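In: predicted model follows, preceded by the sequence.
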Amino acid sequence: MQPSGTRSTPIPGATRPSAFSLVDSLDSIKHGFDSLQSELTATRLQRDELETKITTQLVEVSSIRQSLFELETRHKQVCHQYEQEIRRLQEELRLSRGDSPAAVRGPSSRGLGKTDPPVAPSGTSTADSHTRNSHPLDSSRLAIEREPLTVENDFHNKSMRSEGDRDREYDQRNPKRRKGSDQAENQMMARHLLPEASSSKSSSSHSSFNSQHTADLTPGHSTRNLPPLHLHPNPPSTPRPALDLHNVPAECVKEGPDWYALFSPQIKRTLDVHLLHTLHHTGVVCSIRFSSDGKFVATGSNRIAQIFDVQTGATICSLQDDTAPKTADLYIRCVRFSPDGKFLATGAEDSKIRVWDVAKKRIIHVLEGHQQEIYSVDFSRDGQFIASGSGDGTVRVWKMRDQSCKTFVISEEDALTNEAGVTSVSISPDGRLVAAGNLDSAVRIWDVSSGKLVERLRGHSMSVYSVAFMPDGRGLLSASLDKQVKLWDVSRTIGALYRGQDLEVTSSGDGPSTATSFVGHKDFVPTVAISSDGHWIASGSKDRSVHFWDSHTGLSQFLLQGHKNSVISTDFNPLGGMFATGSGDYSARIWAYSTINSL
């Protein structure tokens, strides 16, 4: 039998929904791939476009850099032109007012203690000068910071603090007494050069010298009579015109890449000069000194003393006390080689004198006793003792053998003003005398063996910042803030000591020495040096120049402009033919000079 009912008929394509689903998925994947490929193509186009823009911008940056370089070069040229123009206009203004910069009047014309009021440096107003005198500013040995390339003569531009030099120009010493408002004003000017002192003079610094060292410190000497020193006449009342680019003929000018020398057209030219080396530093160069053999030169700067080879200018060694606190600046105010060149004495802001073994580059002695900063040190020619001068108003003489010392004190009764800090010391060639330049405008000379003050030289109207004995010991040079250099005849004093006469200057008396003046600087003169033959004198000034004087005639052989800031220190090579300068422009320079018969 056949089954009854309706038989179901198979539906064609019953499995096709699965096939449609696969095709749709493939289509979807294809569309996604196409979309990604389109995005990739667009991204590549964007990348190429960005690379093109970057390349274009790099070209533009390079062009901008080139333009900036050209602008900077042009800016420097314009600044230099403006500086020259300002100087010319200032010179014309001074001449129109009848104020010759070379006409510096000495105290003899108006009496001691009656000096002119301080005048603001050229290029600054009286208000500016008062502002500087109202804020403590640094002075790095004189502590001068780098100046901008303008006629601004302020030692410290406050914007330079980031260079590492502190703002300390006023000397905050403990005032002792006031002896006249004019002299007090001069002391305010003096503070432009000396840095602040951290402590007042202690009573211990006023103790008398220790007489037990007398025999040890007395060098041998002959009892001869010294002939007087021949001094040239003082400048006439109508001084010679100051050497200036605008009043010197072209044939009297010698120019270098960044320096020039002006030779006086009024005297026969006998010298030539040129630059040997520029020694760059990271701070103000407070002091510079040659070694006795003339092969090396030492400099003092912030925290470091350096020794250079004179012939090559290469750095031989750097001396730094790693044990000193690093929380503040520590300027090396003064450096001095021992006569044998084995040791270097340095004086610093921390009131310490460090004696270095140069070969081993280590400290062998630390001489302590001063109460304020050390401004000057000097070795005796036999190397047996060191003299030091400090802002505490004392000179100390130290024996190298056992580091004992005797102290020479400027008492309150002896001081000519309310401040008498010692800025410079020099030992006579025979080792019998030590001279000191002082803030109170005097130069004092002590007998090392007896400790007596044998001469007080008065003639400067402002603080004395540098002293140096002549090679024969008969003369003494001094440089002052009154813009003058003086050469004193001390032969009578030395002759009296040789003859065994008992010399002592009282608080009311002054020595018999006479002096002649070298006039020509336009601003403070903080440094002076004498050549080993006694013929040439070099003086550096805040006016950034070096005058090269003939000691026989008192005339300036040439004026040298090679620094962009005050010339703080200068020294002659003992072998002759070379001198060096240190400046607030963070550089030291070694110069060569030679005698010529004719041009």
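Out: That came in fine, so what should we check first? Bear in mind the structure is a predicted one, so any value in this text is a computation, not a measurement.
In: what sits closest to residue 395 if chain neighbours are left out?
Out: What sits nearest to residue 395 in space, not counting adjacent residues and going by CB to CB, 6 or more residues apart in numbering, is residue 408, at 4.3 Å. The way it works is simple: take the backbone N, C-alpha and C, and place the C-beta from them, glycine included.
In: just checking, what packs against whichever strand or helix holds the one you found?
Out: Residue 408 belongs to strand 405-409 when assigned by DSSP states H and E. Judged by 3 or more CB pairs under 8 Å, 6 or more residues apart in numbering; DSSP states H and E, the packing partners of strand 405-409 are strand 394-399.
In: tell me how far the strand it packs on lies from the chain's centre.
Out: Offset of strand 394-399 from its chain centre (CA atoms, centre = their mean, to the nearest Å): 24 Å.
In: go on, stretch 283-303?
Out: That offset, for stretch 283-303, works out to 11 Å (CA atoms, centre = their mean).
In: for it, how far is the first residue from the last?
Out: Across stretch 283-303, the terminal residues are separated by 9 Å (CA to CA, to the nearest Å).
In: what mean pLDDT does that stretch get?
Out: On average, the pLDDT along stretch 283-303 is 97.
In: try stretch 518-530
Out: What stretch 518-530 shows for mean pLDDT is 96.
In: start and end of it, how far apart?
Out: First-to-last distance for stretch 518-530 - CA to CA - comes to 13 Å.
In: ok now that stretch, how far from the chain's centre?
Out: In terms of CA atoms, centre = their mean, the centre of stretch 518-530 is set 14 Å apart from its chain centre.
In: need the helix or strand of this protein with the lowest average pLDDT.
Out: For the chain, using mean pLDDT, DSSP states H and E, the weakest element among its helices and strands is helix 126-132, scoring a mean of 36.
In: just to revisit the earlier point, angle of the strand holding residue 408 against strand 394-399?
Out: 160 degrees (axes from the mean of the first three to the mean of the last three CA atoms, to 10 degrees).
In: just the CA trace of stretch 571-588, in CSV.
Out: C-alpha atoms of stretch 571-588 as CSV (Å, rounded to 0.1, in the frame of the first residue of the first chain):
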residue,chain,number,x,y,z
ASP,A,571,104.5,93.5,35.2
PHE,A,572,107.7,93.5,33.3
ASN,A,573,109.6,90.4,32.3
PRO,A,574,113.0,90.5,34.2
LEU,A,575,114.8,89.5,31.0
GLY,A,576,113.5,92.6,29.3
GLY,A,577,111.6,93.1,26.1
MET,A,578,108.3,91.9,27.4
PHE,A,579,105.5,93.0,29.7
ALA,A,580,102.1,91.6,30.7
THR,A,581,98.7,93.1,31.6
GLY,A,582,95.7,91.7,33.5
SER,A,583,92.3,93.1,33.1
GLY,A,584,88.7,93.0,34.2
ASP,A,585,87.8,91.8,30.7
TYR,A,586,88.6,88.3,31.8
SER,A,587,91.9,88.2,29.9
ALA,A,588,95.6,88.7,30.4
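In: phi and psi next, for residue 24.
Out: The phi/psi pair for residue 24 (degrees, to the nearest 10) reads phi -60, psi -40.
In: an error on my part: the question was meant for residue 64.
Out: phi -60, psi -40.
In: oh, and call the first residue 356 from now on, that's how I've got it
Out: Let's use 356 as the start, then, which means that last one is residue 419.
In: number of residues surrounding it?
Out: For residue 419, the count of nearby residues is 10 (other CB atoms under 10 Å).
In: for it, what are its contacts?
Out: Contact analysis of residue 419 by CB atoms under 8 Å, 6 or more residues apart in numbering lists nothing.
In: okay, now residue 731: neighbour count?
Out: Using other CB under 10 Å, residue 731 has 25 neighbouring residues.
In: what sits against it?
Out: Counting by CB under 8 Å, 6+ apart, residue 731 has contacts 688-689, 702, 743-744, 777-780.
In: ok, the residues you listed vs residue 794, which is closest?
Out: Checking these against residue 794 by CB to CB gives residue 778 as the nearest, at 6.5 Å.
In: contact partners of whichever strand or helix holds that closest one?
Out: If you go by DSSP H and E, residue 778 is part of strand 777-782. In this structure, residues lying in contact with strand 777-782 by CB under 8 Å, 6+ apart are 549, 730-736, 742-750, 765, 788-794, 803, 818-824, 831.
In: paired strands for whichever helix or strand residue 884 is part of, with orientation please.
Out: Assessed by DSSP H and E, residue 884 sits inside strand 882-885. Applying DSSP bridges, strand 882-885 is found paired with strand 891-895 (antiparallel).
In: and for the partner strand, what's in contact with it?
Out: Contacts of strand 891-895 (CB under 8 Å, 6+ apart): 832, 834, 840, 842, 873, 876, 880-886, 901-906, 912, 921-925, 927, 934, 936, 938, 948.
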